[in-house]
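J.: Provide a 3D model corresponding to the input given below.
(one chain, ligands or ions: 2)
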Amino acid sequence: MKTFAHVNAGSVDEVTNLLAQNQGKAKINAGGTDLLGVLKHRILPEYPEMLINIKKITGLNIIEADEEWIRIGALTTLVEIVKSPLIEKTCSLLKEAARSVASPQIRNIATIGGNLCQDTRCWYYRYPDEIGGMIKCFRKGGKTCPAVAGENQYHAIMGAKKCFAVCPSDMAVALTALGAVCTLAGVKGVRTIAVEELYTPLGNVLSPDEMITAIHIPKPAPDAKQTFFKFTLRKPIDFAIVSAASIITIDKGICTDVRIVLGAVAPTPVRALKAEEFLKGKALSEEIADQAALLAMDGAKPLAKNAYKLEIAKTLVKRVVKDSVVTVNSLNDPV
Ligand SMILES: Cc1cc2nc3c(=O)[nH]c(=O)nc-3n(C[C@H](O)[C@H](O)[C@H](O)COP(=O)(O)OP(=O)(O)OC[C@H]3O[C@@H](n4cnc5c(N)ncnc54)[C@H](O)[C@@H]3O)c2cc1C
Ligand code: SF4
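T.: Ligands and ions are numbered 1, 2, ... in the order given. Coordinates of the predicted model:
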């Protein structure tokens, strides 16, 4: 690994000032479970000159609630989310999503802020420099995407134009279903943005001087049924092939409110808007679930090797509509 300066930041202001002063050459280090691998394998075109350790900043590791919102600090670890009685009671789908991430060892140190900002897992992008040289694709400022004509079995089936890598964050899928927003702090002040709008085709909307400080979730209706399903090839320690999160309110047998989000099908989490619209005002049944699943695939254009993901995505949408109650979820068995 190349040498770099290491700074223990004591406040959010110190982080944003250091990020601004270093003009893109400093990187935030939270749990380090993603960042250190990225640096070790030298997959980035430019190596950071400074790492800013944010773990010593106080006040960023909290889970609390008021009447309307649940607030999770950016340094809260995934295991803290899994074990929180407040999250279990109010946002069980977030708990399920956190529980499905990686392994207990990683969940012990991985933070929610780092999970949202983790780098893509595309295997061309992650190709280590030491075995054949870094691949400079669109996402690294290059002019091609080798995945389009190459090994694209795990890539996007919808919503991609240049880069077909999928958003790897399970927390982003769950938080999008919950309608969460995050607070971004920068040298010019603080702004909030919906998690749904956090990602761009080649990364995220954070300016080079910004960091996530907290995530705010509007308190879900107590009777809303929450579900998170994740299909993986291996049970322990694997990223989603496809995931689906939903929050569905049913009143007197009729669906009155619904959000369904698909993960690992596109460079961003994808709201199944047409399916949501279709479900509102209907009594949920097998046939309705089938039709919603088809509508959720609207606009999908699989690549040569990943059409199988369509069938998995349809099945998961069907399941979240049918089983929109959080029960024991065999797809999400803990490690
Ligand atoms: C073996 C393995 C399996 C995994 N499986 C899954 C999985 O199934 N599902 C899943 O969702 N993830 C998975 N992951 C990814 C894992 O969840 C992330 O590595 C972890 O959540 C990142 O958190 P961290 O605190 O360690 O971030 P770091 O590694 O410290 O940071 C990651 C990135 O985010 C930036 N960053 C960190 N905090 C902030 C902040 N507050 N504001 C702005 N930028 C920030 C850093 O600069 C860096 O670019 C897996 C990882 C491994 C190694
Ligand atoms: S899918 Fe994206 S990250 Fe992967 S090779 Fe293509 S441009 Fe690069």
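
J.: return the residues of the stretch 201-335 of the chain in contact with ligand 1.
T.: Applying Cβ under 6 Å from any ligand atom, we find that the stretch 201-335 of the chain lies next to ligand 1 at 206, 211-212, 237-239. Where C-beta positions appear, they are placed from N, C-alpha and C, glycine not excepted.

J.: filter the residues you listed to the buried ones?
T.: Neighbour counting over these (16 or more other Cβ atoms under 10 Å) leaves 206, 211-212, 238-239 as the buried ones.

J.: want to throw those into TSV with pLDDT?
T.: As requested, those are arranged in TSV below (pLDDT from 0 to 100):
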residue	pLDDT
L206	98
M211	98
I212	98
D238	93
F239	97
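
J.: nearest to ligand 2, of those residues?
T.: Nearest to ligand 2 out of these is F239 (Cβ to the nearest ligand atom; 13.9 Å).

J.: helix, strand or coil for whatever residue of the stretch 1-150 of the chain ends up closest to ligand 1?
T.: Ranked by Cβ to the nearest ligand atom, the top residue of the stretch 1-150 of the chain for proximity to ligand 1 is G114, at 2.0 Å. Three-state secondary structure (criterion: DSSP: H, G, I helix; E, B strand; the rest coil) places G114 in helix.

J.: now do the contacts for it.
T.: 30-31, 33-35 (Cβ atoms under 8 Å, 6 or more residues apart in numbering).

J.: and if you look at K25?
T.: If you count contacts by Cβ under 8 Å, 6+ apart, then K25 has 46, 48-50 around it.

J.: out of the residues you listed, which are close to ligand 1?
T.: Among those, no residue is within reach of ligand 1 (Cβ under 6 Å from any ligand atom).

J.: now, which of the buried ones among the residues of the stretch 201-335 of the chain next to ligand 1 sits nearest K56?
T.: M211 (14.0 Å; Cβ to Cβ).

J.: I'd say the closest one and C182 touch.
T.: No - if you go by Cβ atoms under 8 Å, M211 and C182 don't touch, sitting 10.2 Å apart.

J.: intersection of neighbour lists for these two?
T.: Counting by Cβ under 8 Å, 6+ apart, the shared contacts of M211 and C182 are A74.

J.: on that earlier part again, what is the most widely separated pair among the residues of the stretch 201-335 of the chain next to ligand 1?
T.: Longest span within these, Cβ to Cβ: M211 and D238, 28.3 Å.

J.: any idea how far the residue of the chain positioned farthest from its centre lies from A97?
T.: Distance from the C-alpha centroid of the chain, by Cα atoms, centre = their mean, peaks at K252 (33.2 Å). Distance of K252 to A97, given as Cβ to Cβ, to the nearest Å: 30 Å.

J.: sec struct for K143, please.
T.: Per three-state DSSP, K143 ends up coil.

J.: related to what we said a few turns ago, out of the contacts of G114, who's near ligand 1?
T.: 30-31, 33-35.

J.: closest to S243 among the residues you listed?
T.: Checking those against S243 by Cβ to Cβ gives D34 as the nearest, at 18.1 Å.

J.: what about that closest one, distance to N108?
T.: Where N108 is concerned, D34 sits at a distance of 15 Å (Cβ to Cβ).

J.: quick one: which of these two has more around it?
T.: For the pair D34 and N108, the greater number of neighbours falls to D34 (19 against 14), based on other Cβ atoms under 10 Å.

J.: grab the nearest non-local neighbour of that one.
T.: Excluding its sequence neighbours, the residue lying closest to D34 (Cβ to Cβ, 6 or more residues apart in numbering) is Q118, at 4.3 Å.

J.: apply the buried test to the contacts of K25 and list what passes.
T.: Applying 16+ other Cβ under 10 Å to the contacts of K25 flags 48, 50 as buried.

J.: how about the contacts of K25 in CSV, adding secondary structure, pLDDT and distance to L18?
T.: Converted to CSV, the contacts of K25 look like this (DSSP: H, G, I helix; E, B strand; the rest coil; pLDDT from 0 to 100; distance: Cβ to Cβ, whole Å):
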residue, secondary structure, pLDDT, distance to L18
E46, coil, 89, 17
P48, coil, 96, 11
E49, coil, 96, 11
M50, strand, 98, 7
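
J.: pick the one among the contacts of K25 closest to ligand 2.
T.: Of the contacts of K25, the one sitting nearest to ligand 2 (Cβ to the nearest ligand atom) turns out to be E46, at 16.0 Å.

J.: circling back: filter the buried ones among the residues of the stretch 201-335 of the chain next to ligand 1 down to the ones in strands?
T.: Per DSSP state E, strands hold the following members of those: 211-212.
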